[in-house]
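> this one's structure only:
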């Protein structure tokens, strides 16, 4: 942001209303227009950390249509209709295998495209890699944008299933979907592979990989011997190979359960502090909903039902503000304040236009400047916009302390800002006094909707700057393209000093990507192109998100994935992105629940506000979808999140151990088993839980009847107990999940 300082202004000459950064962007785009954009982008990347382009041969494929052979993807000819691989459904059965000639560490792939958009073009794909061509390990599943730009996809060298870089010689591409679900074919135009194949780089990775394979094979043998009660052979193999099947604590637990049948010793291991730390950190949050305005019969003052409204939070004053919305028939211009302390609404205005503020509107955006105690309002949806040549984009400010509205700009387009837009997102960096606006559909008289770019508004100087046009790169071209969209999630992370963007809709395509814009570096990074593959948000429209700047977690609440989902009553889902683990988790899947007192029904065009101090979210109103198109919701909810702590996990494991101990004791002393069941097991149970009460009665009946178990049956019970407890322990410290018997090939007798 030096370009806004006086010193930098004296050094760099720039046109009024445009920053030097923006001029460089224009210059770069002009350079790109005079040459091949893909080549320019590739040349800029070639000197970076992405290695070099790798040669490959097509060695295997499933099928192809007519003369559209898979070998065509080697050549990047975007204007040649025949230069593509075309295959027919089912697409998941189709594939092509690339032989990279020698093992390599992959850095990225580049999908070349046609110079014309086509509904048969590849949208969703999966890439898998193999060292020797026998076993393929998933590398990534991603989605492409419906554009003519080549797309660069960064690849991780460490797939989820491996703790080290995977040397890849064979790369398999599976086309999963195209942009038109009704089409009878999918087209792949070009695929480039970038990576490093130097022996000095790949050699250590190959050694690590082959050694890992050997150790896993021996661990499978050890697991098989132990499960077959061949303990002498097991001990002998351990002594010869010096390979530990499990970590020290897990090995002690396994010894107590499987070999000794000593549940007392097993309980001592379970009580070890920190044993469940990894499991606890991976547990999904439990979500607790509370409805605030249940008693509508009292006719308390509160906003009517609506959707497409906007809200913002004053963290210090603990109040939320509501501006406008659509009630199903008309746009509204009312203005409300909600107290988080009293949980009561206060109407500030029935029509803000009469006080010099914005007119009735919906699908606009608001943000709160915490430092100056100001609310900013920008954009709106305008019916019949395609028949108008020019629509102004008025920009308003409300001063809380003065209780006054101000028209900052009658049209931000004339000041270097966006034209009239709707379904965009706007956030405020109060520390640096900068507002960021991204996406939305432009209303500028065109017949076809056009996604808007990324803009910044400097509050102190009253200046706008275009940081990215739709699909643009930064001046150096060393980042990913920022593709415009509408109805997306965008939050400002104070902790990371960046913008996070999730999903939305571009033209007719729902997006499932996750993008980060680093403000200081002026770079865009696509964190993932297909969030659902990593348990993230499904492609959706009008999603709502928040961020906790203390722990760095990002929350996305998405009710509408498709009209079909809404018609089927599928409900809200809350996804959580943990910046520490870089993983998504789902807090609640309420898709099977209907409206009730415990959970809100599915919706979109709602508002979600987060209070970072109390760690409580607030959900208000929205559109429930369905056949009644004019119906809107006016309910208010809040929810908090919780996770099971270590004491809860210890109690669960102890209960499993004691259930089994009763079974073992009953084999030699039924009276002692019944006494233990009454004195040690029953007090820890919740007898109001039907499942626990039923299990207790069944076990008591089994002990009373005295049904003796065979040695084989007793060890099988131990194995089941052992497997149940292993789910709580770190995966790296456990025995392999696979069994040796699963790898045995039984030839046909014919």
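That came through, no problem. All values reported here derive from a predicted model rather than from experimental measurement.

> Next, residue 406: phi, psi?
In terms of degrees, to the nearest 10, the main-chain angles of residue 406 are phi -140, psi 130.

> Return the distance of stretch 626-643 from the chain's centre.
Put simply, stretch 626-643 sits 22 Å off its chain's centre (Cα atoms, centre = their mean, to the nearest Å).

> Distance across it, terminal residue to terminal residue?
34 Å (Cα to Cα, to the nearest Å).

> List the buried residues for it?
632-639, 641 (16 or more other Cβ atoms under 10 Å). Any C-beta I mention is one placed from the backbone N, CA and C, and that applies to glycine too.

> Find the nearest non-adjacent residue to residue 129, please.
Leaving out its chain neighbours, the residue that sits closest to residue 129 by Cβ to Cβ, 6 or more residues apart in numbering is residue 168, at 3.7 Å.

> in its sheet, what does the longest strand seen in the chain sit against?
Criterion DSSP state E: the longest strand present in the chain is strand 96-112. With DSSP bridges as the test, strand 96-112 is paired with strand 57-61 (antiparallel), strand 151-154 (antiparallel), strand 168-178 (antiparallel), strand 190-196 (antiparallel).

> Can you name the secondary structure element that comes next after it?
strand 122-130 (DSSP states H and E).

> for the helix or strand just after that following strand, the distance to its chain's centre please.
Sequence order places strand 137-143 as the next helix or strand after strand 122-130, per DSSP H and E. Strand 137-143 sits 15 Å away from the centroid of its parent chain (Cα atoms, centre = their mean).

> that older thread, which among the buried residues of stretch 626-643 gets closest to residue 533?
residue 641 (23.9 Å; Cβ to Cβ).

> So which bits of stretch 131-151 are buried?
For stretch 131-151, by 16+ other Cβ under 10 Å, it's 131, 136, 139-151.

> and stretch 543-557, how far out from the chain's middle?
Worked out by Cα atoms, centre = their mean, stretch 543-557 lies 11 Å from the chain centre.

> Can you tell me what sits against that stretch?
Taking contacts as Cβ atoms under 8 Å, 6 or more residues apart in numbering, the residues outside stretch 543-557 that touch it are 487-496, 500, 502-504, 537, 558, 572-580, 604, 606-610, 612, 615, 617, 619.

> OK, contacts around residue 686?
By Cβ under 8 Å, 6+ apart, residue 686 lies in contact with residue 692.

> Pop out the phi and psi values for it.
Torsion angles, degrees, to the nearest 10, at residue 686: phi -100, psi 100.

> and if you look at residue 218?
Dihedral angles (degrees, to the nearest 10) for residue 218: phi -70, psi -40.

> residues in contact with it?
Contacts of residue 218 (Cβ under 8 Å, 6+ apart): 237, 241, 243.

> Surely the last one and residue 219 touch.
Yes. With contact defined as Cβ atoms under 8 Å, residue 243 reaches residue 219; the gap is 6.6 Å.

> who's more crowded, the two?
residue 219 (19 against 14; other Cβ atoms under 10 Å).

> tally of neighbours for the nearest residue in space to residue 456 that is not next to it in sequence?
Counting by Cβ to Cβ, 6+ apart, the nearest residue to residue 456 once its immediate chain neighbours are dropped is residue 465, at 4.9 Å. Using other Cβ under 10 Å, residue 465 has 22 neighbouring residues.

> Residue 465 touches residue 453, doesn't it?
No. Assessed by Cβ under 8 Å, residue 465 is found out of contact with residue 453, at 10.9 Å.

> For the stretch 451-600 of the chain, which segments count as helices?
Secondary structure of the stretch 451-600 of the chain by DSSP state H, counting those that start in this stretch: the helices cover 563-567.

> which residues of it score low on pLDDT?
Scanning the stretch 451-600 of the chain for pLDDT under 70 picks out 559-571, 588-597.

> can you do 50?
Residue ranges of the stretch 451-600 of the chain with pLDDT under 50: 566-569, 590-596.

> the strands in it, which residues?
According to DSSP state E, counting those that start in this stretch, the stretch 451-600 of the chain carries its strands in the segments 454-458, 463-468, 489-493, 498-506, 509-518, 523-528, 544-547, 554-558, 573-578, 583-589.
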